[in-house]
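Visitor: pasted the sequence and its predicted model underneath.
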Amino acid sequence: MLDYETEAAHYDETRGGVPRAEAAAGAVRRLLPPGARTVLDLACGTGLVTERIAGPGPRVLGADAAHAMLRAARRRLPGRVVRADARRLPFRDGSLDAVCAVWLLHLVPYTGEIVAEAARVLRPGGVLAVTVDKDAAHDVGSDIDALLRPHRTASAAHDRAGRLEALAAAHGLAPAGTTVFTGHGQGATPRGTARRLRAGYYASWFRGDRAVTDALAAALAALPDQDRPRADPEYRLAAYAKPAKGPSARAEGP
């Protein structure tokens, strides 16, 4: 996994900036339960998406484990971010209306622990919204993908939709809808892909050795239009709801 302490300094401008953040936040808002008052954004990073989820309505909090990311997030969300491991959240049982995790679960092998913790802090009727099949979304059918596809390992992805649905069910959460959004600014270029491949950016799906990496980098360097971005990916966000106990059931806020 990348070192997000060092990534923080240039994270936003290399990840699609405001357009991608607005698209992601809009998708999260579409899946929030009616009347949601408290939302926790796990792995909030610099808070660029988090502050846009807020808008008018719910109080949105952010949590991240990286100090450098939180320094940026605190500037955007003063008093509303906390350093925390997504497996051990500093919130009471049944205290949140929604928990979201955008671009997190594909990075870590302990997705089951994160889902279990989210289920714990959700109130009855609350919703967990997470991106699923993130790495697979980057295969947009381009010439770059034609080279990379034989080396993708989507079947082993930690955020596979089927796996997440099973984990959610194991913790009492039921499917509650999906939506998609565009990863603006995420269209790959041959030159950029080769550089990222050599730097280990694709560790979540690429299992090739040094020889394979060198061969792919050479093939990518031979593609035309080295700096022309191919199509942006379309990400999918899935929601899982905690059964409501009754129309008046609502826990106190955090």
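Guide: Nice, I can see it. This one's a predicted model, so the numbers in the text were calculated from it and none came from an experiment.
Visitor: how about the strands in the stretch 51-200 of the chain?
Guide: Taking DSSP state E, counting those that start in this stretch to define them, one finds strands in the stretch 51-200 of the chain at 59-64, 81-83, 96-101, 122-132, 174-182.
Visitor: just those: most buried one?
Guide: Highest mean neighbour count among those (mean count of other Cβ atoms under 10 Å): strand 96-101, with a mean of 27. To be clear about C-beta, it is placed using only N, CA and C from the backbone, and glycine gets the same treatment.
Visitor: C-alpha coordinates for that strand, CSV please?
Guide: Presented in CSV, the C-alpha positions along strand 96-101 are these (Å, rounded to 0.1, in the frame of the first residue of the first chain):
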residue,chain,number,x,y,z
LEU,A,96,-24.2,7.2,13.4
ASP,A,97,-26.8,7.5,10.6
ALA,A,98,-24.3,6.6,7.9
VAL,A,99,-20.7,5.5,7.3
CYS,A,100,-19.0,5.8,4.0
ALA,A,101,-15.7,4.5,2.6
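Visitor: quick one: contacts for residue 139?
Guide: Listed by Cβ atoms under 8 Å, 6 or more residues apart in numbering, the contact partners of residue 139 are 145, 148, 149, 152.
Visitor: residue ranges with poor pLDDT in the protein?
Guide: Along the chain, the parts satisfying pLDDT under 70 run over 1-16, 246-254.
Visitor: switch to 90 and redo it
Guide: 1-18, 54-58, 66, 68-69, 72, 107, 152-157, 200-208, 245-254 (pLDDT under 90).
Visitor: return the list of helices and strands in contact with the lengthiest helix in it.
Guide: For the chain, the longest helix by residue count, based on DSSP state H, is helix 17-31. Secondary-structure packing of helix 17-31 (3 or more Cβ pairs under 8 Å, 6 or more residues apart in numbering; DSSP states H and E): helix 50-54, strand 122-132, strand 174-182, strand 234-241.
Visitor: ok, which of those comes nearest residue 215?
Guide: strand 234-241 (29.1 Å; Cβ to Cβ).
Visitor: just checking: what are the partner strands of the closest one?
Guide: strand 122-132 (antiparallel), strand 174-182 (antiparallel) (DSSP bridges).
Visitor: only C-alpha atoms, please: export that strand in CSV.
Guide: What follows is strand 234-241, C-alpha atoms only, in CSV (Å, rounded to 0.1, in the frame of the first residue of the first chain):
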residue,chain,number,x,y,z
GLU,A,234,-16.8,4.7,-13.7
TYR,A,235,-16.7,3.8,-10.1
ARG,A,236,-19.6,1.9,-8.3
LEU,A,237,-20.8,2.7,-4.8
ALA,A,238,-22.9,0.1,-3.0
ALA,A,239,-25.0,0.6,0.1
TYR,A,240,-25.9,-1.8,2.9
ALA,A,241,-28.5,-1.0,5.5
